[in-house]
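okay, here's the prediction I keep looking at, along with the sequence it came from:
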Amino acid sequence: MYHILEARIRKALRDFIRRRYDADVQVPIERPPRIAMGEVASPVCFELAKRLKRAPRHIAQEIANQIGKIDGVERLEVAGGGYLNAFLDRAGFFAATLSGVTKGPAEAPADAPKNIVEHTNINPNKAAHIGHLRNAALGDSFVRLLRHAGRRVEVQNYIDNTGVQVADVALGFLHLEKKSAAEVRALAAQPRFDYFCWDLYARVTQSFETEPARLALRGDTLKAIEEGHGAVAELAEIISTTIVRCHLRTMERLGIEYDLLPRESEILHLKFWDAAFQQLKARGAIRLATSGKNAGCWVMQMSDAEGGTQNEGDEDADSKIIVRSNGTVTYVGKDIAYQLWKFGLLGRDFHYSRFHTHPSGHTVWVTRADDGEADAPPFGHAAQVYNVIDSRQAYLQNVVVAGLRALGFDSQADRSMHFSYEIVALTPRCAKEMGYELSPEDAQRSFVEVSGRRGLGVKADDLLDRLEAAARAEVDSRHPQTPEIERAAIAHIIAIGALRYFLLKYTRNTVIAFDFKDALSFEGETGPYCQYAIVRARNIWRKLAEQSRQLVEKADSSGSDSAFFDSCSPESLKAFLAAPEGDELWEMLLLAGSFGAQVEAALAAQEPAFVAKYAFQLAQAFNNFYHKHHILSEEDPSRKAFLLTLTKLVERQLVLALDLLGIEGPEKM
RNA sequence: GCGCCCGUAGCUCAGUUGGAUAGAGCGUCUGCCUUCUAAGCAGAGGGUCGGGGGUUCGAAUCCCUCCGGGCGCGCCA
């Protein structure tokens, strides 16, 4: 509701200024610092003062006097040196917000432009860790935001099943474990295969240092895996597919689901790169270097705009190798091909088959080189692409975009977004707590980077287990009579709430220094705090239901909150919200009605943290309200109905906000 | 060397396109459970927004510079 009024006021001011002063200005809109100064403010008169060469306060006064009625605005006041402050019609805002809530977000039509969000993308050679969780939580939350805004979204989780990381673990099984494919298959059927590989991967990496000769095996192993034939390839296939299933299971614990798993093996076997290479050569996007250090390589010239380093006279420094002198393609080259495919610009497609069914019943598809299932939905052909990748890969993402641009696909280049975020690191204390030896330099730093190669990191499932155990202990102490299954379910919801909130409350470009103390906290600015506000709201209604069946049934049958709302008269409503006594209730209502504005801002900034912040503020306002007003013992039936409606409204907005973060509101906790 | 990001309370972080008296959580201290659950509420204390210059009616926010930190720049992925 708030954003609608904001836009309306902006437009009214702009139109009036154009008419009255013949001036076309940007109208800045902001929130006044205190509610006593109104709800929407504009400092537009300061800018206008410059142009008209008149005192801003006088202009503001003139506008306030002459602009006339703006729908939803009670009055306009002049404040300070020339601010225009709008005071909203509180009762009207209440009614409008209530009716807005019942509508709910629009579902995207099947032919709407498609947004592809690529996230998670964990190398399928070891267990998922805390850093992967941030990627997936951000990606999934952004998907929820897009869908909430009525956009059609396809979620892809890219699987690099033919890379060195998988090759290294395959090497480990062959040479360190001395296991056959059949033995590995048996091991893969056991639980926690991803944990086993986590350790094995670290051991292999270490063995490369103690026995450098083994490193020479890597090239052949990689080649065998890429070609997809023989025992080594079979081994790699078992490893990667099993671990992808482990990752899906881990992500399902957080409620994260996917549409498609595009795999590197199919990009290779279906010769996606060849198709991209043809285009790049034909359009002169890449050229064969004949001299210098890159002689024999196909390189792409990076323009200044796309992150070239602009070293004068040194062409090599600004060019990125796409095809090596031995004819093999680099990682970025494959990525350009994949990005072209996402936009439907490659001229080739995968085959697809069903891979997995999520608990919701949703099917995850996987790419195939042949023998696809005939009823596969159409994938790719996006209008907009978001790649959720950490900020260290900014340069490579720029190369991909530069590739699109060099091919003449400017609009697709503009619609390729690197949804960038900073990594999750460990505090030195946390690393030590987990038994890692730190170098003296590392111990001095404020954080230590997670390293899959070294086996340094907090595994996602371990963290989830600890969170669930901690939540379970709390639930057990509060609800000893509740059935065991229910207590476990509540503990799970709380654990996910704590974890997802923790991962999403930081803005994307903040490095999270992970510590168990903060992550395991259920108090203060946390997910459980927000969930608790929902539980409190629901408890009021549950108790009410026990007291008076009738009222509740009336509300239920009408399918909206307005049944209660109707039982308090417009006059009394106005009185309840009137300043100054009604200011606190009004502020909470205003916040509840600002959900749409917050979502808009979060979407514009691509920042799920805005939603997290909003949910916390609303929960805080509600907890305060809960403390001050004992609703069920309220004697004035009209006021009681009003407070109950407010409670319901806040509960719904909180549920919506948390849902965008992938967090559920429990019935009790 | 070049490029990008960051520096805000003891700690961890917010601060939307420049706006009114810079906010929150944690931690510390003090209160509040006979009420709809204390995973809560109220209060106290805590700041030269890294330093210095500039632009502006107005700067944590924009520009320059210095200091301090992070990341990237590979015929790895």
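Structure received. Here the structure is a predicted model, which is why all the values come from computation and not from measurement.

do you know how far A:Q620 is from RNA strand B?
Applying Cβ to the nearest atom of the strand, to the nearest Å, the value for A:Q620 to RNA strand B is 5 Å. Every residue, glycine included, has its C-beta placed from N, CA and C.

what residues are up against that residue?
Contacts for A:Q620 (Cβ atoms under 8 Å, 6 or more residues apart in numbering) come out as A:Y529, A:A533.

element containing it, please.
helix A:608-628 (DSSP states H and E).

give me phi/psi at the nearest residue to A:I534 once chain neighbours are set aside?
Nearest residue to A:I534, sequence neighbours excluded (Cβ to Cβ, 6 or more residues apart in numbering): A:G665, at 3.7 Å. Main-chain dihedrals, A:G665, degrees, to the nearest 10: phi -100, psi 120.

counting neighbours, what do you get for A:G665?
Counted by other Cβ atoms under 10 Å, the residues lying close to A:G665 total 23.

that one against A:V535, yeah?
Yes. With contact defined as Cβ atoms under 8 Å, A:G665 counts as touching A:V535 (7.3 Å).

what separates the helix holding A:Q620 from the chain centre, distance-wise?
20 Å (Cα atoms, centre = their mean, to the nearest Å).

then stretch A:292-303?
36 Å.

what's the answer for stretch A:407-415, then?
Distance of stretch A:407-415 from its chain centroid, counting by Cα atoms, centre = their mean, is 24 Å.

just the residues contacting it, thanks.
Under Cβ under 8 Å, 6+ apart, the answer for stretch A:407-415 is A:279-280, A:283, A:285, A:340, A:343, A:345, A:382-385, A:401-402, A:404-405.

re the thing from before, dump the helix or strand that comes right after the helix holding A:Q620 to CSV, keeping only the CA atoms.
Counting by DSSP H and E, the element after helix A:608-628 in chain order, helix or strand, is helix A:637-660. As requested, the backbone C-alpha atoms of helix A:637-660 are provided in CSV (Å, rounded to 0.1, in the frame of the first residue of the first chain):
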residue,chain,number,x,y,z
PRO,A,637,-15.6,-4.8,21.6
SER,A,638,-14.9,-2.4,18.8
ARG,A,639,-11.3,-1.8,19.9
LYS,A,640,-10.8,-5.5,20.5
ALA,A,641,-11.9,-6.2,17.0
PHE,A,642,-9.5,-3.6,15.7
LEU,A,643,-6.5,-5.0,17.6
LEU,A,644,-7.4,-8.5,16.5
THR,A,645,-7.5,-7.4,12.9
LEU,A,646,-4.2,-5.6,13.3
THR,A,647,-2.8,-8.8,14.7
LYS,A,648,-4.0,-10.8,11.8
LEU,A,649,-2.7,-8.3,9.3
VAL,A,650,0.8,-8.3,10.8
GLU,A,651,0.8,-12.1,11.0
ARG,A,652,0.0,-12.4,7.3
GLN,A,653,2.6,-9.8,6.2
LEU,A,654,5.2,-11.6,8.4
VAL,A,655,4.4,-14.9,6.9
LEU,A,656,4.7,-13.5,3.4
ALA,A,657,8.0,-11.8,4.2
LEU,A,658,9.5,-14.9,5.7
ASP,A,659,8.2,-17.0,2.9
LEU,A,660,10.3,-14.8,0.5
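
please see if helix A:637-660 touches RNA strand B.
No. On the criterion Cβ under 7 Å from any atom of the strand, helix A:637-660 is out of touch with RNA strand B, staying 8.0 Å away.

pLDDT of that helix, averaged?
The average pLDDT within helix A:637-660 is 93.

what does stretch A:540-548 give?
Mean pLDDT, stretch A:540-548: 85.

now swap in stretch A:245-253 and tell me
98.

pull out the buried positions in it.
A:R245, A:C246, A:H247, A:L248, A:T250, A:M251, A:R253 (16 or more other Cβ atoms under 10 Å).

just the closest residue of the stretch 501-650 of chain A to RNA strand B, please.
A:G524 (2.2 Å; Cβ to the nearest atom of the strand).

distance of that residue from A:A641?
According to Cβ to Cβ, to the nearest Å, A:G524 and A:A641 sit 33 Å apart.

these two: which is more packed in?
A:A641 (20 against 9).

tell me where the model's unsure across chain A.
A:101-105, A:303-317, A:549-568 (pLDDT under 70).

walk me through the domains of it.
A:2-88, A:428-520, A:527-660 (automatic domain parsing).

other SSEs contacting the host helix or strand of A:M588?
Of the helices and strands defined by DSSP H and E, A:M588 is found in helix A:583-592. Counting by 3 or more Cβ pairs under 8 Å, 6 or more residues apart in numbering; DSSP states H and E, the packing neighbours recorded for helix A:583-592 are helix A:90-103, helix A:570-577, helix A:608-628, helix A:637-660.
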